[in-house]
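K.L.:
this one's structure only:
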């Protein structure tokens, strides 16, 4: 018996039917896959936030910043990996890219007492700053690390030296004292004082990330030293004048930048001495220089060293670092980029 074959019309009909099925099934399959991937990524982020919460609860004494509303801490993903709070890196559902060890979970205390968590693709790790020659690093944006004082909101040294310090004459209110993200000097003889001098000799780098407001003061301090007589150098902001380096006593070397030009927004000021001159970088760019032979620097007081209120500076200080080496322009630029990432 002869079998009946499909006609051309029937074959075309089958092909059309199969095409319709494909049009319906393939997008549905793709969407199902995408939804599964999205749910997997969302589950990973949820587990990341849960790990961050456990990390904070485990180290709660180190996170005094979370005791106040809007208090914030940054937790590098690297820390969660190194301490086995998470086992692997997953996908960020908001960007579609793989979460990086250099990303950060930001924990913020809410008005209702809860802590919110959000993943940010920015690097806030203090280890990213240049480490060569670093002898002091005080910072207001603290992620859990070496040197943090668990019972205080004061600046504390984050280097292995763990230098202690104290705040003097601060009112600890909105106009003077430690705020979430900066240390505010109100120009009434308040200062951050180290327990011991740091003598940087004649080759050094000092970096400050700050917000300075130009004022009608006669003479304004950025950093004091261990000796008011001028036996060591002082860095000064002079009203309606230049940012200066003072050494020896009563000798002021203009560094080519005016106080007014750095006021009104956050800046990183990097002062660098190679023993023969002092350079000033503003936001990683060389802005001025002056020949200062044997420019000795020792640090004891940050803020001011005198009692005359007409001479004192008002500013918000976010970070200060001291090196016993002269950083090069590439290193200074790299540090500035980290400053603006960490102190947004």
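P.N.:
Great, that's in hand. Everything quoted here is computed from the prediction, not taken from an experiment.
K.L.:
Let me see the domain layout of the chain.
P.N.:
According to automatic domain parsing, the chain comprises the domains 9-123, 126-342.
K.L.:
Return the most buried member of those.
P.N.:
Ranked by mean neighbour count, the domains of the chain are led by domain 126-342 with a mean of 19 (mean count of other CB atoms under 10 Å). From N, CA and C alone the C-beta is placed, and that goes for glycine too.
K.L.:
Start and end of that domain, how far apart?
P.N.:
With CA to CA, to the nearest Å as the measure, domain 126-342 spans 9 Å from end to end.
K.L.:
do stretch 72-80 as well
P.N.:
OK, stretch 72-80 end separation, CA to CA: 17 Å.
K.L.:
Distance from that stretch to the middle of the chain?
P.N.:
Chain-centre distance of stretch 72-80: 12 Å, with CA atoms, centre = their mean, to the nearest Å.
K.L.:
Flag the shaky bits of the stretch 51-200 of the chain, pLDDT-wise.
P.N.:
Within the stretch 51-200 of the chain, the stretches with pLDDT under 70 are 64, 141-154, 172-174, 180.
K.L.:
now the strands for it?
P.N.:
Applying DSSP state E, counting those that start in this stretch to the stretch 51-200 of the chain gives strands spanning 72-76, 104-109, 115-120, 134-139, 165-168, 177-179, 182-186, 191-201.
K.L.:
out of those strands, nearest to residue 252?
P.N.:
Residue 252 lies closest to strand 191-201 among those, at 19.5 Å (CB to CB).
K.L.:
tell me the angle that closest one makes with strand 182-186.
P.N.:
Interaxial angle of strand 191-201 relative to strand 182-186 (axes from the mean of the first three to the mean of the last three CA atoms, to 10 degrees): 110 degrees.
K.L.:
Strand 191-201 pairs with which strands, and in what direction?
P.N.:
Strand 191-201 has its sheet partners listed here by DSSP bridges as strand 165-168 (antiparallel), strand 297-302 (antiparallel).
K.L.:
Contacts for the first one, please.
P.N.:
Pointing back at strand 165-168 there. Residues outside strand 165-168 that contact it (CB atoms under 8 Å, 6 or more residues apart in numbering): 138, 154-157, 177-178, 183, 189-195.
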